[in-house]
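here are the coordinates; sequence isn't available:
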Ligand SMILES: Nc1ncnc2c1ncn2[C@@H]1O[C@H](COP(=O)(O)OP(=O)(O)OP(=O)(O)O)[C@@H](O)[C@H]1O
Ligand SMILES: O=c1[nH]c(=O)c2[nH+]cn([C@@H]3O[C@H](COP(=O)(O)O)[C@@H](O)[C@H]3O)c2[nH]1
Ligand SMILES: NC(=O)CC[C@H](N)C(=O)O
Ligand SMILES: [Mg+2]
């Protein structure tokens, strides 16, 4: 690979992947490694620059994660972000870090008084996002203070001679309004990187990695009809051709008409063999009487793997399972060392402990909008690339409490009306997800002078960039009225429609 590489050393920060993603957006290659890799490995990577990420630990405590001191002798630019800056200050001669009297969390005004290239084209006062309890008390030799906030004297520091920079705030998050400019300045004015890497290169690298991983072995791919698995299978197919077979599982938790539509679209558009598995009864049996959300997720995750195992057995000599897992699935499932489990995504935290098949996940570190870009580069049809996400556990996590056929029917009918109305209003692509939720309660209504006692349907529609955060969509009133009318009139068991106006956080997109 002949592009400039930016090496990110990870100290367990929540946003380490976001740093990598910002760099990819500038068409520069980046690679994330654990903070403690050896100097020899670093030299092998031969980075054009190193970024030290944030992290939950405190450098003031014994046993805090460190880094090989040799990086400071490589004569390449280094940027430390938050914990990374504190570590730099502690390791370099003369620097002192201590616990601050007060932490600084959230938005802050950064006052810049120097900075040359790193703060080029940025106003001297700009909003940044902070999340720290420690601060740099004394600068290491050769450094100067280049910015401050009300609470933090050294909010940024630089050694212009050696091109070492420390930022106490997080340039990678959107709340740091000029964060992208700062990273851009670092990459192109300081590192002088070439913007020569792109998604096509990503695809080629993945193809090579997949070939190395699977060799001549046979591979199956869980194909759901969603964009992630469509893109994952397309990449794997490019890599290994007819070693790949796709498996589409109908677990009885799909939406109205979905099984048919997926079989048609992929049967026609993809020249990859597709096996359809009718697993409706077995999933519903396993879910019968179960109401706890995490329990449902685990059951579904496990049953998926059983189905994949059985299909693999039939095909013989299959050792690998491709999944369209993306980074938000991993983070929410508590899949990185420090992250908490919000919900066990069936394809990550919901997997059984023992697995026969080895996973192949070419999109593991990407965010959804990047997956869509790859889908476009690969020339996948627009209806696949721009399909709204639909969770693997399907309608089971949109029915609060017990799942049964009667409830599935109600939810399917209500959901189909929402899909149709959103499409007719021309909003399908613009909205991240729009769907119905069926809660486990009923209320009183009056229809045709009769008392009704029926279920409400919760309408959920959100805007998002990457599913990590989301806001409820400001749907036009006429559209909401039309959805409400149609659902109450056409879905017999429903007598009320409500709209969910909660963002994420504090809510999540799905209800379970
Ligand atoms: N019904 C299914 N049959 C086979 N595999 C599935 C099914 N549902 C989900 N999977 C597998 O689980 C992975 C994760 O599901 P997820 O819903 O996150 O992705 P997706 O369906 O590919 O895309 P999207 O998020 O846009 O719906 C899929 O990429 C796929 O590999
Ligand atoms: O494949 C999946 N398996 C799952 O178990 C799962 N749970 C949530 N989702 C989808 O992930 C995104 C974030 O969802 P939440 O805000 O509800 O956590 C949203 O797009 C959800 O639809 C899932 N996808
Ligand atoms: N976000 C961070 O990297 C925090 C660094 C360190 N844990 C602090 O509180 O100062
Ligand atoms: Mg899906």
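Looks like it came in fine. Treat the numbers as computed from the prediction; the structure is a model and nothing was measured. Numbers count the residues shown, from 1 in each chain. Ligands and ions are numbered 1, 2, ... in the order given.

ok, the closest residue in space to residue 288 that isn't next to it in sequence - how many residues close by?
Leaving aside its sequence neighbours, residue 288 sits nearest to residue 404 (Cβ to Cβ, 6 or more residues apart in numbering; 7.3 Å). Bear in mind the C-beta positions are built from the backbone N, C-alpha and C, glycine included. As a burial measure, residue 404 scores 13 neighbours (other Cβ atoms under 10 Å).

Look up how far ligand 1 lies from the residue in the stretch 51-200 of the chain that ligand 2 sits nearest to.
Across the stretch 51-200 of the chain, no residue is closer to ligand 2 than residue 174, which sits at 17.5 Å (Cβ to the nearest ligand atom). Noted for residue 174: a distance of 22 Å to ligand 1, by Cβ to the nearest ligand atom, to the nearest Å.

do the same with residue 160
45 Å.

Go ahead and confirm that residue touches residue 116.
Yes. At 6.4 Å, residue 160 counts as touching residue 116 under the criterion of Cβ atoms under 8 Å.

neighbour-wise, which of the two wins?
A count of neighbours by other Cβ under 10 Å puts residue 160 above the other of residue 160 and residue 116, at 17 against 12.

residue contacts, the more buried one?
116, 144 (Cβ atoms under 8 Å, 6 or more residues apart in numbering).

Now do the phi/psi pair for it.
Here is the backbone geometry of residue 160 (degrees, to the nearest 10): phi -70, psi -30.

And for residue 388?
phi -60, psi 140.

And for residue 459?
phi -90, psi 130.

swap in residue 118?
The phi/psi pair for residue 118 (degrees, to the nearest 10) reads phi -60, psi -30.

mind checking the SS state of the residue nearest to residue 13 when sequence neighbours are not counted?
Distances taken as Cβ to Cβ, 6+ apart place residue 54 nearest to residue 13, at 3.5 Å, with adjacent residues excluded. Three-state call for residue 54 (DSSP: H, G, I helix; E, B strand; the rest coil): coil.

Go ahead and confirm residue 54 touches residue 15.
Yes. With contact defined as Cβ under 8 Å, residue 54 reaches residue 15; the gap is 6.4 Å.

So between the two, which is more surrounded?
Ranked by neighbour count (other Cβ under 10 Å), residue 54 and residue 15 place residue 54 first, with 27 against 19.

ok, now how distant is the residue nearest to residue 288 from residue 279?
17 Å (Cβ to Cβ, to the nearest Å).

hang on, the earlier thing: can you list residues touching both of residue 54 and residue 15?
Overlap of the contact sets of residue 54 and residue 15 (by Cβ under 8 Å, 6+ apart) consists of residue 170.

show me what contacts the residue of the stretch 351-500 of the chain found nearest ligand 3?
Nearest to ligand 3, among the residues of the stretch 351-500 of the chain, is residue 468, at 16.5 Å (Cβ to the nearest ligand atom). By Cβ under 8 Å, 6+ apart, the residues touching residue 468 are 328, 331, 367.

what helices or strands is the longest strand seen in the chain leaning on?
Longest strand of the chain, by residue count under DSSP state E: strand 96-112. Strand 96-112 sits against helix 83-91, strand 125-138, strand 144-148, with contacts defined as 3 or more Cβ pairs under 8 Å, 6 or more residues apart in numbering; DSSP states H and E.

Reformat those as JSON lines; add mean neighbour count and mean pLDDT.
Converted to JSON lines, the helices and strands packed on strand 96-112 look like this (neighbours: other Cβ atoms under 10 Å; pLDDT from 0 to 100):
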{"stretch": "helix 83-91", "mean neighbour count": "26", "mean pLDDT": "98"}
{"stretch": "strand 125-138", "mean neighbour count": "19", "mean pLDDT": "96"}
{"stretch": "strand 144-148", "mean neighbour count": "19", "mean pLDDT": "98"}
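
Any chance of the ones you listed in CSV with distance to ligand 2 as columns?
Formatted as CSV, the helices and strands packed on strand 96-112 follow (distance: least, Cβ to the nearest ligand atom, whole Å):
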stretch, distance to ligand 2
helix 83-91, 27
strand 125-138, 21
strand 144-148, 35
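
how about the helix or strand where residue 307 lies: buried residues?
Using DSSP states H and E, residue 307 falls within helix 293-315. Residues of helix 293-315 classed as buried: 293, 296-305, 307-309, 311-312 (neighbour count, 16 or more other Cβ atoms under 10 Å).

what pairs with the helix or strand just after it, and is each one parallel or antiparallel?
Next along the chain after helix 293-315, taking DSSP H and E as the criterion, comes strand 318-322. If you go by DSSP bridges, strand 318-322 pairs up with strand 218-222 (parallel), strand 358-360 (parallel).

tell me how far the following helix or strand past strand 318-322 is from the chain's mean position?
Later in the chain than strand 318-322, the nearest helix or strand by DSSP H and E is helix 327-332. Helix 327-332 sits 5 Å away from the centroid of its parent chain (Cα atoms, centre = their mean, to the nearest Å).

Helix 327-332 vs ligand 4: in contact?
No. Using Cβ under 5 Å from the ion, we find that helix 327-332 stays clear of ligand 4, coming within 10.0 Å at best.

quick check: mean pLDDT across that helix?
Averaged across helix 327-332, the pLDDT comes to 79.

contact partners of that helix?
For helix 327-332, contacts defined as Cβ under 8 Å, 6+ apart pick out 17, 335-336, 339, 341-343, 345, 347-349, 364-368, 466-468.
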